[in-house]
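S.K.: Got a predicted structure here, sequence first:
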Amino acid sequence: ESLDTYIQNTLSALYPPSEATAATVLWQLLSVAEKLYGGDGLRCLLDFLIPAKRALQHLQREARARYAGLLFLHEGWPLCIHEKVVVQLAPLRGVRLRPGDFYLQITVAAGRQRARLVLKRLSRLGQGSEEVIVPETMYGCVFTGEFLELVNGEQNGVPLQNCLLTSGSVVYRTPWNNVTDPVFVPTTGTNLPSCPSGPGPQQPPPDSASEAPAPAPTVASPAPQGG
């Protein structure tokens, strides 16, 4: 019971609001536990979730650093945007990547207990996926347009432009700038930081709905197995 509680609390802190993301991230974590640790929850916690937690917290701190003092409308950004998970805990199996598609995932090398962020894209042969390891020194610029330009500059073929997000068994395909431009809660007398190299942060108009427009859903991955 204490193990389950710790896992749920950890996921809730990383991917708020938990009532919107819990089913998605818990199912992904369970698939990691089954495939890599034979269903051993304790090993999955020690060897995967704790290292992943450190890496995700580091990534979030670096991504938010230039927005100090601003209140995020989606409190889980950039790891999630309300119910849509941006940084996956498990591979998106059963999802056919198209040219220009990619997604972000946290992985842990077997026996190393050190998590790393990877970008997964369509392989150069057009079958399956290949990954690009993102070094920790780049965490501060991952959620920018410049990051994708850098990745595209090192590959041939169709430039990456659409990020895959997940919610339950549904996968959303959305332009990268919809992910990199966070939305803030308007506050009186707040000056937004300038960003000379890309679009600035967004604030919802006073009479608009509180949530940013949702991207259209694309192909769905197989429904989660079991309860």
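M.R.: Yep, that arrived. Numbering: from 1, shown residues only.
S.K.: and the residue nearest to the spatial centre of the chain, bridged to which residues?
M.R.: By C-alpha atoms, centre = their mean, the chain has its centre lying nearest to residue 87, at 1.8 Å. Listed beta-bridge partners, residue 87: residue 104 (assigned using DSSP bridges).
S.K.: Touching, it and residue 115? I think so.
M.R.: No. Under the criterion of C-beta atoms under 8 Å, residue 87 makes no contact with residue 115, lying 10.8 Å away. C-beta coordinates here come from the backbone N, C-alpha and C atoms, glycine included.
S.K.: So for these two, which residues contact both of them?
M.R.: Both residue 87 and residue 115 are in contact with 56, 106, where contact means C-beta atoms under 8 Å, 6 or more residues apart in numbering.
S.K.: just the strands in this protein please.
M.R.: Assigned strands in the chain, in chain order: 80-81, 84-85, 87-88, 101-108, 115-122, 129-134, 162-167, 170-175, 217-220 (criterion: DSSP state E).
S.K.: so can I have JSON lines of those strands showing distance to residue 64 and mean pLDDT?
M.R.: As requested, the strands of the chain are arranged in JSON lines below (distance: least, C-beta to C-beta, whole Å; pLDDT from 0 to 100):
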{"stretch": "strand 80-81", "distance to residue 64": "13", "mean pLDDT": "98"}
{"stretch": "strand 84-85", "distance to residue 64": "17", "mean pLDDT": "98"}
{"stretch": "strand 87-88", "distance to residue 64": "14", "mean pLDDT": "98"}
{"stretch": "strand 101-108", "distance to residue 64": "16", "mean pLDDT": "97"}
{"stretch": "strand 115-122", "distance to residue 64": "15", "mean pLDDT": "96"}
{"stretch": "strand 129-134", "distance to residue 64": "17", "mean pLDDT": "94"}
{"stretch": "strand 162-167", "distance to residue 64": "18", "mean pLDDT": "98"}
{"stretch": "strand 170-175", "distance to residue 64": "20", "mean pLDDT": "97"}
{"stretch": "strand 217-220", "distance to residue 64": "27", "mean pLDDT": "48"}
